[in-house]
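1. Dropping a prediction and its sequence here:
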Amino acid sequence: MEFFSETLRTIRESDPFKKGDLVEQLYTKLSRKELTFEHDAPIERIETPSYAPIVTIVRPKDVPKRKHFDTKEGQGVLLHAVAHIEYSAIDLALDSAYRFRHLPFEYYFDWIEVAHDEVRHFQMLDRLMRQVGIAYGDYPVHTALFEAGQKSGHDLVERMAVVPRYLEANGLDANPKIIQKLQSYPITPMITSIIEALEIILKEEVSHVFKGDKWFKYGCEQKGLDPSIYFEIIEKYYPGLEKKRLQLNVEARRAAGFACDELKRMGAKKCE
Ligand SMILES: [Fe+2]
Ligand SMILES: [Fe+2]
């Protein structure tokens with residue numbers, strides 16, 4: 001079995017459960033070093049997100065708003081939005097493993113390990129979605145994460161900057177705010193379960209950003225770039241956004257590899 005062709009097949013699978021099984025298989029075979037690597041095999045462009053056949057795609061401003069977390073509807077919308085992030089994150093991790101070649105074995109293992117975590121995150125949310133009576137695909141979704149992957153597919157440093165180090169790191173900031181909001185409602189078993197799921201995700205996402213940080217710095221070193229190139233890259237992809245931060249999860253970002261001078265540049269008041 002060849003690593004890159006299996007990874008591509010896994011990305012192309014739409015059904016999240018079949019995709020989960022394929023990721024499990026990849027992870028097991030890779031752990032046992034049972035896969036071959038054809039680094040020079042052609043790299044295909046992925047034109048449409050794998051979830052396109054099973055969901056309705058809308059513009060980001062048209063996805064349902066996350067509110068009223070004390071209602072089944074509000075909980076469903078929130079769970080669906082997070083599940084969509086996790087589904088997209090499975091493909092993004094796989095794509096980082098597929099697209100960039102001639103890298104150390106550890107690089108491929110790291111991203112398959114991330115995909116494996118994202119599958120678990122998706123499945124955890126899927127169980128909760130079922131408890132509130134919905135399934136993945138019941139609400140429309142946007143393709144912002146897929147597009148970020150497409151735009152950064154030509155360069156390892158840009159991919160690592162944009163996907164794990166910017167988008168997934170933003171999740172580290174956003175997650176505690178959602179937990180806080182959930183805690184402001186009367187506590188029910190469902191609210192408790194959602195908070196628990198979000199706490200697991202937050203903890204594990206730190207390791208994803210950490211892996212992104214590691215390979216971002218590796219890529220910078222290979223190309224003789226200063227890691228402060230990060231700010232230029234993010235400014236190019238998301239003009240003005242890296243400066244407009246309200247609240248940074250400094251502790252989680254520090255654990256994920258961000259330096260205090262970077263965090264201060266992003267607006268952190270205190271950093272140790
Ligand atoms: Fe995740
Ligand atoms: Fe992640």
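-> That came in fine, so what should we check first? Ligands and ions are numbered 1, 2, ... in the order given.
2. The residue in the stretch 51-200 of the chain positioned nearest to ligand 1: which element?
-> In the stretch 51-200 of the chain, the residue that lies nearest ligand 1 is His121 (3.9 Å; Cβ to the ion). Any C-beta I mention is one placed from the backbone N, CA and C, and that applies to glycine too. Element membership for His121, per DSSP states H and E: helix 105-131.
3. again, but for Ala81
-> Assigned by DSSP H and E, Ala81 belongs to helix 72-99.
4. just checking, what packs against the helix holding His121?
-> Judged by 3 or more Cβ pairs under 8 Å, 6 or more residues apart in numbering; DSSP states H and E, helix 105-131 is in contact with helix 3-12, helix 16-31, helix 72-99, helix 189-223.
5. What mean pLDDT does it get?
-> Averaged across helix 105-131, the pLDDT comes to 98.
6. what element comes up after that helix heading to the C-terminus?
-> Proceeding N to C from helix 105-131, the next assigned helix or strand is helix 144-151, under DSSP H and E.
7. which residues are contacting that following helix?
-> Helix 144-151 is contacted by residues 46, 49, 60, 85, 88-89, 91-92, 95, 159, 162-163, 167, 237 when judged by Cβ atoms under 8 Å, 6 or more residues apart in numbering.
8. Which among the residues you listed count as buried?
-> 46, 49, 85, 88-89, 91-92, 95, 159, 162-163, 167, 237 (16 or more other Cβ atoms under 10 Å).
9. now stretch 103-113, how far from the centre of its chain.
-> 16 Å (Cα atoms, centre = their mean, to the nearest Å).
10. Just checking that stretch against ligand 2, any contact.
-> No - judged by Cβ under 5 Å from the ion, stretch 103-113 makes no contact with ligand 2; its nearest approach is 10.4 Å.
11. and Gln131, how many neighbours?
-> If you count neighbours by other Cβ atoms under 10 Å, Gln131 ends up with 16.
12. now the nearest residue to it once chain neighbours are set aside: how far from Phe4?
-> With sequence-adjacent residues excluded and distances taken as Cβ to Cβ, 6 or more residues apart in numbering, Gln131 is closest to Met190, at 6.7 Å. With distances taken as Cβ to Cβ, to the nearest Å, Met190 is found 41 Å from Phe4.
13. List the contacts of the residue in the stretch 101-250 of the chain that ligand 2 sits nearest to.
-> Using Cβ to the ion, His208 is the residue of the stretch 101-250 of the chain that sits closest to ligand 2, at 3.6 Å. Contacts for His208 (Cβ under 8 Å, 6+ apart) come out as 89, 93, 114, 117, 164, 168.
14. per-residue pLDDT, the residue nearest to the fourth one when sequence neighbours are not counted?
-> Closest residue to Asp117 in three dimensions, ignoring its sequence neighbours and counting by Cβ to Cβ, 6+ apart: Glu204, at 5.1 Å. Taken from the predicted model, the pLDDT recorded for Glu204 is 97.
15. How about the contacts made by the residue sitting nearest the centre point of the chain?
-> The residue lying closest to the centre of the chain (Cα atoms, centre = their mean) is Ala89, at 3.6 Å. Counting by Cβ under 8 Å, 6+ apart, Ala89 makes contact with 114, 118, 121, 145, 168, 208.
16. please redo it, this time with the cut-off set to 7 Å
-> Glu118 (Cβ atoms under 7 Å, 6 or more residues apart in numbering).
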